[in-house]
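Asks: Following is a predicted model, sequence given first.
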Amino acid sequence: IGWKSQGKRREMQAYDLVGQVYDWVGQAYDLVGQAYDWVGQAYDWVGHGYDWVGQAYDWVGQAYDWVGHGYDWVGQAYDWVGQAYDWVGQAYDLVDQVYGLFGERSGAARLSYRKGSALFPRPLFPFIRNYFLGSYFSLH
């Protein structure tokens, strides 16, 4: 009877030892899993950091886009002003040509005569000055 209980006790001790080994292996797996969790968390934080940096780059890019649009609008305004100046200049040139063709016969034109180029024989300002104000404000 004694050897049976002793064998049972040894068998139970063996089972306990195997159970203890399984517990240790389980704990080791738990530790490895915890380490994987930490590594995953670190990757998440790095990913969030990259997201924030990317968002900041997006904002900077948007600001550059807005500044570029502003420059485009200013450039468009300069183009319109330049076009207006071109039209005014063409009108001046046309009046200057007409003045060159017909203006020499008038007394105001003779009073405001200036030497001009072959293409535009008379400057425009004296013509306008004398036309609207008369020869009273003429310089000669």
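Replies: In hand now; what should we look at? Only a predicted model underlies this, so the values are computations on that prediction, with no experimental measurement involved.
Asks: Can you pull out the low-pLDDT segments for the protein?
Replies: Along the chain, segments meeting pLDDT under 70 span 1-4, 7, 100-140.
Asks: let's go with 80 and repeat that
Replies: Scanning the chain for pLDDT under 80 picks out the ranges 1-10, 96-140.
Asks: Show me what the longest helix seen in the chain is packed against.
Replies: Identified as the longest helix of the chain according to DSSP state H is helix 2-102. For helix 2-102, the elements it packs on are helix 124-133, judged by 3 or more C-beta pairs under 8 Å, 6 or more residues apart in numbering; DSSP states H and E. For glycine as for every other residue, the C-beta is placed from the backbone atoms N, C-alpha and C.
Asks: try 10 Å
Replies: Here helix 2-102 is seen to pack against helix 107-111, helix 124-133 when contacts are counted using 3 or more C-beta pairs under 10 Å, 6 or more residues apart in numbering; DSSP states H and E.
Asks: ok, now how distant is G26 from V32?
Replies: For G26, the distance to V32 equals 11 Å [C-beta to C-beta, to the nearest Å].
Asks: hang on, I meant Y71
Replies: Y71 sits 58 Å away from V32, taking C-beta to C-beta as the criterion.
Asks: Neighbours of Y99, how many?
Replies: When neighbours are defined as other C-beta atoms under 10 Å, Y99 has 24 of them.
Asks: list the contacts for Y43?
Replies: Contact analysis of Y43 by C-beta atoms under 10 Å, 6 or more residues apart in numbering lists nothing.
Asks: Please renumber the chain so that the first residue is 732 from this point on.
Replies: Happy to do that; since the first residue is 732 now, the last one works out to Y774.
Asks: what comes into contact with stretch 760-769?
Replies: By C-beta under 10 Å, 6+ apart, no surrounding residue is in contact with stretch 760-769.
Asks: Please write out the alpha-carbon positions of that stretch in CSV.
Replies: Taking only C-alpha atoms (Å, rounded to 0.1, in the frame of the first residue of the first chain), the coordinates of stretch 760-769 have been written out as CSV:
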residue,chain,number,x,y,z
TYR,A,760,4.7,33.9,-24.5
ASP,A,761,2.9,36.6,-22.6
LEU,A,762,6.2,38.5,-22.3
VAL,A,763,6.9,38.1,-26.0
GLY,A,764,3.3,39.3,-26.8
GLN,A,765,3.7,42.3,-24.5
ALA,A,766,7.0,43.1,-26.3
TYR,A,767,5.2,42.9,-29.6
ASP,A,768,2.5,45.1,-28.3
TRP,A,769,5.1,47.7,-27.2
